[in-house]
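Enquirer: The sequence and its predicted three-dimensional model are supplied below.
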Amino acid sequence: MAKWKLVLSADELNAVMAGAFPGGGRTDTVRDVSPGRVHMVMPYNPLTLRPGGLISGPTQMSLADSAAYVLVMAHVGPELMAVTSSLTMNFLRGARPGDLHAEAELLSLGRRLAVCDVRLWTESSDRLASQATVTYARAAAPPA
(Lines give C-alpha, C1' and ligand atoms only; values in the text may rest on other atoms or scores of the structure.)
Protein backbone atom coordinates (compact mmCIF):
# COMPACT_ATOMS: atom_id res chain seq x y z
CA MET A 1 0.00 0.00 0.00
CA ALA A 2 1.26 3.46 -0.90
CA LYS A 3 2.37 5.82 1.82
CA TRP A 4 0.55 9.09 1.21
CA LYS A 5 1.73 12.36 2.70
CA LEU A 6 -0.66 15.20 3.49
CA VAL A 7 0.11 18.72 2.33
CA LEU A 8 -3.13 20.48 3.43
CA SER A 9 -5.27 20.09 6.57
CA ALA A 10 -9.07 20.02 6.68
CA ASP A 11 -9.20 23.71 7.62
CA GLU A 12 -6.80 24.62 4.80
CA LEU A 13 -8.85 22.60 2.29
CA ASN A 14 -12.06 24.33 3.37
CA ALA A 15 -10.34 27.70 2.97
CA VAL A 16 -9.05 26.80 -0.52
CA MET A 17 -12.53 25.68 -1.59
CA ALA A 18 -14.17 28.84 -0.19
CA GLY A 19 -11.66 31.00 -2.06
CA ALA A 20 -11.86 29.03 -5.31
CA PHE A 21 -15.68 29.00 -5.42
CA PRO A 22 -16.79 32.28 -3.78
CA GLY A 23 -20.54 32.75 -3.72
CA GLY A 24 -21.02 29.34 -5.32
CA GLY A 25 -23.46 28.22 -2.67
CA ARG A 26 -21.12 25.50 -1.40
CA THR A 27 -22.39 23.82 1.72
CA ASP A 28 -20.15 20.76 1.83
CA THR A 29 -17.20 20.81 4.19
CA VAL A 30 -14.15 18.70 4.82
CA ARG A 31 -14.57 17.17 8.25
CA ASP A 32 -11.45 15.04 8.43
CA VAL A 33 -8.36 14.34 6.37
CA SER A 34 -5.74 11.65 6.86
CA PRO A 35 -3.11 10.15 4.55
CA GLY A 36 -4.98 8.76 1.54
CA ARG A 37 -8.45 9.70 2.85
CA VAL A 38 -10.88 12.56 3.26
CA HIS A 39 -14.33 12.74 4.87
CA MET A 40 -16.74 15.42 3.67
CA VAL A 41 -20.29 16.22 4.73
CA MET A 42 -23.03 18.07 2.87
CA PRO A 43 -25.66 19.22 5.40
CA TYR A 44 -29.20 18.13 4.64
CA ASN A 45 -31.18 20.49 2.44
CA PRO A 46 -34.74 19.61 1.39
CA LEU A 47 -34.06 21.29 -1.97
CA THR A 48 -31.79 18.33 -2.88
CA LEU A 49 -34.66 15.83 -2.76
CA ARG A 50 -36.01 14.20 -5.89
CA PRO A 51 -39.56 12.93 -6.33
CA GLY A 52 -39.99 10.10 -3.85
CA GLY A 53 -38.24 12.00 -1.07
CA LEU A 54 -34.67 10.76 -1.69
CA ILE A 55 -31.49 12.81 -2.18
CA SER A 56 -31.03 13.27 -5.92
CA GLY A 57 -28.35 11.57 -8.00
CA PRO A 58 -26.86 14.87 -9.20
CA THR A 59 -26.45 15.96 -5.57
CA GLN A 60 -24.60 12.74 -4.77
CA MET A 61 -22.44 13.09 -7.89
CA SER A 62 -21.55 16.65 -6.93
CA LEU A 63 -20.36 15.61 -3.47
CA ALA A 64 -18.42 12.65 -4.88
CA ASP A 65 -16.66 14.98 -7.33
CA SER A 66 -15.88 17.54 -4.62
CA ALA A 67 -14.54 14.86 -2.28
CA ALA A 68 -12.19 13.55 -4.96
CA TYR A 69 -11.05 17.11 -5.80
CA VAL A 70 -10.17 17.97 -2.20
CA LEU A 71 -8.58 14.56 -1.67
CA VAL A 72 -6.16 15.23 -4.52
CA MET A 73 -5.43 18.73 -3.22
CA ALA A 74 -4.84 17.37 0.29
CA HIS A 75 -1.86 15.49 -1.14
CA VAL A 76 -0.52 17.86 -3.82
CA GLY A 77 -1.52 21.32 -2.58
CA PRO A 78 -3.96 23.82 -4.11
CA GLU A 79 -3.83 22.53 -7.68
CA LEU A 80 -7.02 24.34 -8.72
CA MET A 81 -6.76 23.56 -12.42
CA ALA A 82 -7.12 19.81 -11.94
CA VAL A 83 -10.28 18.67 -13.74
CA THR A 84 -12.57 15.66 -13.60
CA SER A 85 -11.77 13.35 -16.49
CA SER A 86 -14.03 10.48 -15.44
CA LEU A 87 -16.76 9.92 -12.88
CA THR A 88 -18.54 6.57 -12.72
CA MET A 89 -21.39 6.44 -10.21
CA ASN A 90 -23.09 3.35 -8.83
CA PHE A 91 -26.36 3.97 -6.99
CA LEU A 92 -26.80 1.21 -4.43
CA ARG A 93 -29.92 2.28 -2.49
CA GLY A 94 -31.96 5.42 -2.02
CA ALA A 95 -30.24 8.13 -0.01
CA ARG A 96 -32.76 9.01 2.67
CA PRO A 97 -33.04 12.62 3.83
CA GLY A 98 -30.19 13.59 6.14
CA ASP A 99 -26.64 14.85 6.04
CA LEU A 100 -24.85 13.33 3.04
CA HIS A 101 -21.42 11.92 3.92
CA ALA A 102 -18.59 11.10 1.52
CA GLU A 103 -15.50 9.08 2.36
CA ALA A 104 -12.91 9.32 -0.41
CA GLU A 105 -9.85 7.11 -0.70
CA LEU A 106 -6.88 7.77 -2.95
CA LEU A 107 -6.19 4.76 -5.16
CA SER A 108 -3.50 6.23 -7.41
CA LEU A 109 -1.69 9.55 -7.57
CA GLY A 110 0.48 10.12 -10.60
CA ARG A 111 1.96 13.16 -12.33
CA ARG A 112 -0.99 13.36 -14.74
CA LEU A 113 -3.88 11.41 -13.21
CA ALA A 114 -5.31 10.75 -9.76
CA VAL A 115 -7.90 8.01 -9.16
CA CYS A 116 -10.20 8.01 -6.13
CA ASP A 117 -12.86 5.74 -4.68
CA VAL A 118 -15.73 7.65 -3.05
CA ARG A 119 -18.46 6.10 -0.89
CA LEU A 120 -21.57 8.06 0.09
CA TRP A 121 -24.25 7.54 2.73
CA THR A 122 -26.84 9.29 4.85
CA GLU A 123 -27.89 6.65 7.39
CA SER A 124 -24.66 4.81 8.19
CA SER A 125 -21.34 4.05 6.52
CA ASP A 126 -22.50 0.42 6.66
CA ARG A 127 -25.50 1.32 4.43
CA LEU A 128 -23.94 2.96 1.38
CA ALA A 129 -26.26 4.93 -0.86
CA SER A 130 -23.74 5.14 -3.70
CA GLN A 131 -20.14 4.60 -4.75
CA ALA A 132 -18.11 6.48 -7.33
CA THR A 133 -14.78 6.06 -9.03
CA VAL A 134 -13.44 9.49 -9.91
CA THR A 135 -10.38 10.28 -12.03
CA TYR A 136 -8.84 13.73 -12.00
CA ALA A 137 -6.51 15.01 -14.71
CA ARG A 138 -3.89 17.07 -12.98
CA ALA A 139 -2.79 20.37 -14.45
CA ALA A 140 0.29 20.01 -16.61
CA ALA A 141 3.33 21.92 -15.46
CA PRO A 142 4.03 24.95 -17.67
CA PRO A 143 6.84 24.43 -20.21
CA ALA A 144 10.24 25.59 -19.00
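Expert: Ah, there it is.

Enquirer: Sketch out the helices for this protein, chain order is fine.
Expert: Assigned by DSSP state H, the helices in the chain fall at 10-20, 57-76.

Enquirer: need the contact list for the residue positioned nearest the centre of the chain.
Expert: What sits nearest the mean C-alpha location of the chain, by C-alpha atoms, centre = their mean, is Ala67, with 1.0 Å. Applying C-beta atoms under 8 Å, 6 or more residues apart in numbering to Ala67 gives the contacts 38, 40, 102-104, 116, 118, 134. (C-beta placed from N, C-alpha, C; glycine too.)

Enquirer: Whichever of these end up buried, select them in PyMOL.
Expert: This is how PyMOL selects the buried members of these, with burial counted by 16 or more other C-beta atoms under 10 Å:
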select buried, resi 38+40+102+103+104+116+118+134
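
Enquirer: For the chain, which residues score under the pLDDT cut-off?
Expert: In the prediction, the chain carries residues with pLDDT under 70 at positions 1-2, 141-144.

Enquirer: Show me where it has its strands.
Expert: 29-34, 37-42, 49-50, 54-55, 83-91, 100-109, 113-121, 130-137 (DSSP state E).

Enquirer: Describe which strands the last one pairs with in its sheet and in which direction.
Expert: Meaning strand 130-137. Next to strand 130-137 in the sheet, as set by DSSP bridges, lie strand 83-91 (antiparallel), strand 113-121 (antiparallel).

Enquirer: Kindly report the same for the first one.
Expert: Strands flanking strand 29-34 in the sheet, each with its direction: strand 37-42 (antiparallel) (DSSP bridges).
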